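[1] Prediction below, plus the sequence it came from.
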Amino acid sequence: MPDSESSDYEANRNIAMEDEQAKMMKKQKQKHTRKRQCRDDAPNAALMVSNIEKKSSDRKSSNEIISHRRPFMNDTGKTPKKRGKSSITDSSDDDDNPSKRHTREKKSKKSKKRKKKQTKHNPHSSCEEDSNNSKKTKMDHNVDRTMKQGIQLTQKEVDEKVISSSAIEFYPEEVKHLQLQKNEKNAMLVEKSDVVVEKQVKQVDKINNVTLLLFYQYVEPPWDETQFQTALKFVTDQGNKRQITGRMRVAREGLNCTLTGPRDGIRAWCSALRKFDGGRPRIDPETGEKLTEFAKTEFKLTDDLPPKQRFPKLHAFEVVELVNYGLAGTRAPEIGSYGGTHLEPEDYHKKMCEKDTVIIDVRNHYEANIGRFDPPEGGAKMIDPMMRKSTEFPVWLDNPETKEMLKGKQVLMYCTGGVRCERASALLKQKMETEEDTKALGIKGVYQLQGGIDKYFKKFPEGGLWRGKNYVFDKRFAHAPPAVEAVDRTKKVLHKDNGDIEVVTKSFAVRNIAADQVMGKCEACEKPWDMYRGKRRCPTCGVPSLVCRECIEADQAGIRKLGKAVRCDLCVAEDIRNKRELKERDEKKMKEYEKKLRQKLENNYVPPIQRKHAMTRKPKPNPERITRLFLKNMCAKQMDESKLLEFLQPAKVTHIQWLTDRNTGRFYGSAFIEVKSAEDAGSVLALDGLIILGRKIQIKFQRADEKDIWPIPNTKVSS
């Protein structure tokens, strides 16, 4: 934000705060004034009651029984005004009716008990209005403190790798105050047995402090089984300890997380992760300092989210890859050796304006369908790989049509948070160095957006070169740049037009019009629409369906059903009408890709065993510490040492005894193996029942007989 705009923003904020403080002082002064009036009026009210009682007793007749009630004082400390019949005395006709007299006496007792109970619970104020104003003043005070805390958020950050912003930073002050008030009410009110009770909030942090955290970190070399379990336990325990919720993809190659939690809890979790050594403590030989896995991790935080956007629970998913490209194990290009050049949002923004440049959207097509970069004329060219899932990227990158688009160009990549670009850029650069046809393309460089779209929005809150919304995998579902979101929110809350909305960003007047832009369209009625809602998915390929609210409601009401003909725009464009067609087409493409890869790499080719069949698994119990296992029902024609080692990763296999037929000497699908540790043996046993090369493999512990020689000579693995 420019200095001039920053100073204007600070001035407006100070004025707003002074106004709120003045209102609060005025309310407190009115409260004390009403209290004094109640105390001053109390003697007069008592005297008035005495006179009324005296007059009432004078009117009594010796042969009449007149029911007399002492007048009660209302919440202002004064007797109520008369409405129709006197509220002090009743007619003589009613007094002659014993049942009515009994009813009046019962009501009088209830009134006295109710008043006594109110006085007991609120001895310092007999006025309900004072009580409500007191609560409102306290709420306003808490909101003011929360606003100040959110505004000063970036000034208190010490860790330069923690990139934070506020979700309501660009809201007008009136809307910001209303939003914080609404969030505070949601945090303080709890429904219990149909009665709304107020919770005691001891800290302002608990009012409106939902913070979203996005981050990822690849670790090289990957963790072994023990280190992986250590890391998994650490992040889970730390998350539960600090009330963190959300999703964590935990693999042997690192972490990929989308989390929510309290503002301070999220930051404490990040700090703890900074110090975590990944279960393998190391010392830098040059500096002598302790090396940690997450020392350079970039944490992206968004504060001041509403409570409803917090994840309900913490889930840690054990996965093979942080992003499922089908490049697990030895097929994965090393990011440290081949990763693309990281560009900060400002530099990436400039690159998009350069000629001879292409931009690859590494996300899935349904994400790009509602929002994407729109470079200026004469600048970079956008490329959408039209993917339904990330496993299609390596195949797309190997297509001749793709290579032609990249020829002689600078290649930029981007995704939501940056994690998908890491492996994608490394794969392209690896092909540039190891494959002759890719090397001949003359690609001028491979670059990726540091921090992804999320960080770009923090640097360009008015949107920059972005158009539409950013699809996300948290409770926001999709969102526009922060300043554009502020316009949309203001229009909804205050019912104002674009021209009436004041903003705090430089180019906001231009982007004001873009706030109404909708990039996608409903798959059913084709009207402009950009919100993925509901659980419906494309009946052909299974990606989320982009269907408008009216069509969903019509389907639920049975007025107009969403049948199988309502498909995603990609299935419509490719004329895919059922799952079988899509499966056959994908399998054909994959076979062609693997065939080309085998021809190029020859002896260095690694089959896609782990990509297709392997899974992250917890080691099976091995109380007897056995390290020898028996494997059977393997594919005798295709199985060899390299394929078996690939399948059994990350377990360390030291010896393999291939069992052969006595007569023919041919391998018939069974083998004994020796692994390095009992933990490795448990990891191998967890693979029992998986399909490898078309056959369901069977594995069990097999302790060596004391009479046998084990391991047998000449069975040691070559690598």
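    Ah, there it is. Numbering: from 1, shown residues only.
[2] For the stretch 601-719 of the chain, give me the ranges with low pLDDT.
    Residue ranges of the stretch 601-719 of the chain with pLDDT under 70: 602-618, 719.
[3] can you give me the strands in it?
    Assigned by DSSP state E, counting those that start in this stretch, the strands in the stretch 601-719 of the chain fall at 628-632, 653-660, 667-675, 691-692, 695-696, 698-701.
[4] do you know which of these lies nearest K716?
    With C-beta to C-beta as the criterion, K716 lies closest to strand 653-660 of the strands of the stretch 601-719 of the chain, at 5.5 Å. Any C-beta I mention is one placed from the backbone N, CA and C, and that applies to glycine too.
[5] Low-confidence ranges, the stretch 51-200 of the chain, go.
    51-159, 184-200.
[6] ok, 50 please
    Scanning the stretch 51-200 of the chain for pLDDT under 50 picks out the ranges 51-96, 119-158, 189-200.
[7] For stretch 423-443, what does the pLDDT average out to?
    For stretch 423-443, the mean per-residue pLDDT is 94.
[8] Buried residues, it. List them.
    423-432, 438, 441, 443 (16 or more other C-beta atoms under 10 Å).
[9] Now for K595, how many residues are close by?
    Using other C-beta atoms under 10 Å, K595 has 10 neighbouring residues.
[10] what residues are up against it?
    For K595, the contact set (C-beta atoms under 8 Å, 6 or more residues apart in numbering) is empty.
[11] returning to that earlier point: Throw the strands of the stretch 601-719 of the chain into a markdown table and include mean neighbour count and distance to K455, thanks.
    Below are the strands of the stretch 601-719 of the chain laid out as a markdown table (neighbours: other C-beta atoms under 10 Å; distance: least, C-beta to C-beta, whole Å):
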| stretch | mean neighbour count | distance to K455 |
| --- | --- | --- |
| strand 628-632 | 19 | 47 |
| strand 653-660 | 17 | 42 |
| strand 667-675 | 19 | 43 |
| strand 691-692 | 18 | 41 |
| strand 695-696 | 14 | 46 |
| strand 698-701 | 16 | 45 |
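[12] Let me know which of these is the nearest to E401.
    Nearest of the strands of the stretch 601-719 of the chain (C-beta to C-beta): strand 691-692, 33.3 Å.
[13] So which elements touch the closest one?
    In terms of contacts (3 or more C-beta pairs under 8 Å, 6 or more residues apart in numbering; DSSP states H and E), strand 691-692 is packed against helix 609-613.
[14] 6 Å - rerun?
    For strand 691-692, there is no helix or strand it packs on, judged by 3 or more C-beta pairs under 6 Å, 6 or more residues apart in numbering; DSSP states H and E.
[15] Which pair of the buried residues of stretch 423-443 spans the longest distance?
    R423 and L441 (19.9 Å).
[16] List the buried residues in stretch 460-477.
    460-472, 474-476.
[17] from those, which is closest to C538?
    Y471 (15.1 Å).
[18] Identify the residue spatially nearest to that closest one, adjacent ones excluded.
    Spatial nearest neighbour of Y471, chain neighbours left out: E367 (4.0 Å); criterion: C-beta to C-beta, 6 or more residues apart in numbering.
[19] I would like the residues contacting the helix or strand harbouring the one you found, please.
    Element membership for E367 (DSSP states H and E) is helix 365-368. The contact list for helix 365-368 (C-beta atoms under 6 Å, 6 or more residues apart in numbering) reads D361, D384, M386, M387, Y471, V543, P544, L570.
[20] before we move on, the earlier item: please flag which of the buried residues of stretch 423-443 sit within helices.
    R423, A424, S425, A426, L427, L428, K429, Q430, K431, M432, T438 (DSSP state H).
[21] Need the residues you listed in CSV (columns: distance to K403).
    Putting those into CSV (distance: C-beta to C-beta, whole Å) gives the following:
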residue, distance to K403
R423, 19
A424, 15
S425, 16
A426, 17
L427, 13
L428, 10
K429, 14
Q430, 15
K431, 9
M432, 11
T438, 7
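[22] Kindly reformat the strands of the stretch 601-719 of the chain as a markdown table containing distance to L255.
    Output for the strands of the stretch 601-719 of the chain, formatted as a markdown table (distance: least, C-beta to C-beta, whole Å):
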| stretch | distance to L255 |
| --- | --- |
| strand 628-632 | 30 |
| strand 653-660 | 27 |
| strand 667-675 | 27 |
| strand 691-692 | 28 |
| strand 695-696 | 32 |
| strand 698-701 | 29 |
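[23] And the strands in the stretch 451-600 of the chain, which stretches?
    Counting by DSSP E, counting those that start in this stretch, the strands of the stretch 451-600 of the chain are 466-468, 470-471, 478-479.
[24] Buried residues of stretch 539-547, list them for me.
    P539, T540, C541, V543, P544, S545, L546, V547.
[25] make that stretch 583-595, sorry
    Going by 16+ other C-beta under 10 Å, stretch 583-595 has these buried residues: D586, M590, Y593.
[26] pLDDT below threshold where in the stretch 401-550 of the chain?
    Checking the stretch 401-550 of the chain against pLDDT under 50 turns up 503-515.
[27] How many residues are close by the nearest residue to D474 once chain neighbours are set aside?
    Nearest in space to D474, with sequence neighbours left out and distances taken as C-beta to C-beta, 6+ apart, is T258 at 5.3 Å. Using other C-beta under 10 Å, the number of residues around T258 comes to 20.
[28] What of K241?
    Neighbours of K241 under the rule other C-beta under 10 Å: 12.
[29] Could you do F457 as well?
    26.
[30] returning to that earlier point: out of the contacts of helix 365-368, which are inside helices?
    Short answer: the contacts of helix 365-368 in helices (DSSP H) are L570.
[31] Closest to L562 out of the contacts of helix 365-368?
    P544 (13.3 Å).
[32] Y532 is in contact with that closest one, correct?
    Yes - contact criterion C-beta atoms under 6 Å: P544 and Y532 qualify, at 4.8 Å.
[33] Tell me if I'm right that L291 and R282 touch.
    Yes - using C-beta under 6 Å, L291 makes contact with R282 at a distance of 4.3 Å.
[34] Between these two, which contacts overlap?
    In contact with both L291 and R282: no residue, using C-beta under 6 Å, 6+ apart.
[35] and A704, how many neighbours does it have?
    Number of residues near A704 (other C-beta under 10 Å) recorded here: 15.
[36] For the nearest residue to Y171 once chain neighbours are set aside, give its distance to F473.
    Of all residues beyond its chain neighbours, the one nearest Y171 is A486 (4.9 Å), with distances taken as C-beta to C-beta, 6+ apart. Relative to F473, A486 is positioned 23 Å away (criterion: C-beta to C-beta, to the nearest Å).
[37] try P262
    Between P262 and F473 the computed distance is 21 Å (C-beta to C-beta).
[38] coming back round to it: could you save the strands of the stretch 451-600 of the chain as a markdown table and add columns showing distance to P312?
    Formatted as a markdown table, the strands of the stretch 451-600 of the chain follow (distance: least, C-beta to C-beta, whole Å):
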| stretch | distance to P312 |
| --- | --- |
| strand 466-468 | 29 |
| strand 470-471 | 21 |
| strand 478-479 | 20 |
